[in-house]
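*Asks:* just to be clear, the model below is a prediction. Sequence and coordinates:
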Amino acid sequence: MATSKSFPFVVDVWANPTPNRIPETERLFQHSHADPALYSKKLSPKQIISLMDEAGVSQICLSAWNRPGSVIASNQEVAEYTRAFPGRIFGLVSVDLHDPVSAVKELDHYVRKESFKGLRVVPWLWNLPPTDAHYWPLFVKCIELDVPFFTQVGHTGPLCPSEVGRPIPYIDTIALKFPDLKIICGHIGYPWTAETVSVAWKHPNVYIDTSAWSPKHYDPAFITFANTTGRQKVMFGTNFPQLTWKDCVDNIYKFHGKKKIGGLKDEVLSDFLGGNAKRVLKLPDWDSEEPKSRL
């Protein structure tokens, strides 16, 4: 990578291990024209880093996956990646939501012992909104550990009920109940993007990430928020391997910056692409060469 101190770090806050082993998401991957070569086989840590380097991505958050009755990608599996590249790959804990006591212990262990950076629960897999009591012990532990709660908002690409992804009332309610809980709302929140924006504007600890949406399709309500009062509340995400790092980063510069009409402003990009994630997740500095500026 070429060195350019003027270029911001690019941090993907929502990435997934490969291969895709979640039956419900197969339709999403097909409709997104995802590359089967990426999601049908396991990529090694070095292969992940190679794809990041190709795209100019500095750091990623890689999440484990649980579903009712089974583990799709374990926290231990994700730890193999974080241990291999501790300055660039950071874990997000996944838990069995139906077993809150064990879930709290799992969260505590992987944050304290393996330096994972947060908890991620996708409500549609459990058909339980974040206001459900199963989440609450985990919220208390997240506050204690000072790590964010990542969750999906908006409709579901998979053929599962979308109701649990509503920003209002669910995100609004838990932000009121747990004002010290940092909440990162993944997937922008479409078709309730305005609700997601209003909740992030209202609550100091609510943020929005763009995972699962190509930069050319960012909702205008999100862009307006990011360019104004929400500059410190937005983060870049891909939902890799549904979307690739290279395509997403390339499309940032194709559709945003340089005063492109309807796009994110130049002065917003450094916060959006990495600055906000680095601050909120308390990511360490990465001292290797930075990507070359494309602004």
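*Replies:* Alright, I've got the coordinates. Numbers count the residues shown, from 1 in each chain.

*Asks:* pLDDT below threshold where in the chain?
*Replies:* 1-8, 19-21, 24, 26-27, 29-34, 36, 39-40, 287-295 (pLDDT under 70).

*Asks:* can you give me the helices in it?
*Replies:* 26-31, 36-39, 45-55, 75-84, 100-112, 123-126, 136-145, 172-177, 193-202, 220-227, 245-255, 266-270, 276-281 (DSSP state H).

*Asks:* helices or strands next to the last one in the packing?
*Replies:* Spelled out, it's helix 276-281. Packing partners of helix 276-281 (3 or more Cβ pairs under 8 Å, 6 or more residues apart in numbering; DSSP states H and E): strand 11-15, strand 59-63, strand 234-235. Every residue, glycine included, has its C-beta placed from N, CA and C.

*Asks:* same list, those, but as TSV with distance to residue 202 please.
*Replies:* Converted to TSV, those look like this (distance: least, Cβ to Cβ, whole Å):
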stretch	distance to residue 202
strand 11-15	21
strand 59-63	25
strand 234-235	15
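
*Asks:* so for residue 274, which of those strands sits nearest?
*Replies:* Taking Cβ to Cβ, strand 11-15 is the member of these nearest to residue 274, at 4.1 Å.

*Asks:* make CSV from the helices of the chain and add distance to residue 92 and mean neighbour count to it.
*Replies:* Below are the helices of the chain laid out as CSV (distance: least, Cβ to Cβ, whole Å; neighbours: other Cβ atoms under 10 Å):
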stretch, distance to residue 92, mean neighbour count
helix 26-31, 19, 15
helix 36-39, 18, 15
helix 45-55, 15, 17
helix 75-84, 8, 18
helix 100-112, 9, 17
helix 123-126, 15, 22
helix 136-145, 11, 18
helix 172-177, 18, 16
helix 193-202, 20, 21
helix 220-227, 22, 19
helix 245-255, 17, 19
helix 266-270, 23, 17
helix 276-281, 10, 21
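
*Asks:* for residue 160, find the nearest of those helices.
*Replies:* That would be, of the helices of the chain and by Cβ to Cβ, helix 123-126, which comes in at 4.4 Å.

*Asks:* what number of residues lie near residue 42?
*Replies:* 11 (other Cβ atoms under 10 Å).

*Asks:* hmm, it is touching residue 48, no?
*Replies:* No - when contacts are counted by Cβ atoms under 8 Å, residue 42 is not listed as touching residue 48 (10.2 Å).

*Asks:* from what I can see residue 60 touches residue 85, true?
*Replies:* No - contact criterion Cβ under 8 Å: residue 60 and residue 85 do not qualify, at 9.4 Å.

*Asks:* for residue 154, find the nearest of the helices of the chain.
*Replies:* Here helix 193-202 is closest among those (Cβ to Cβ), at 7.3 Å.
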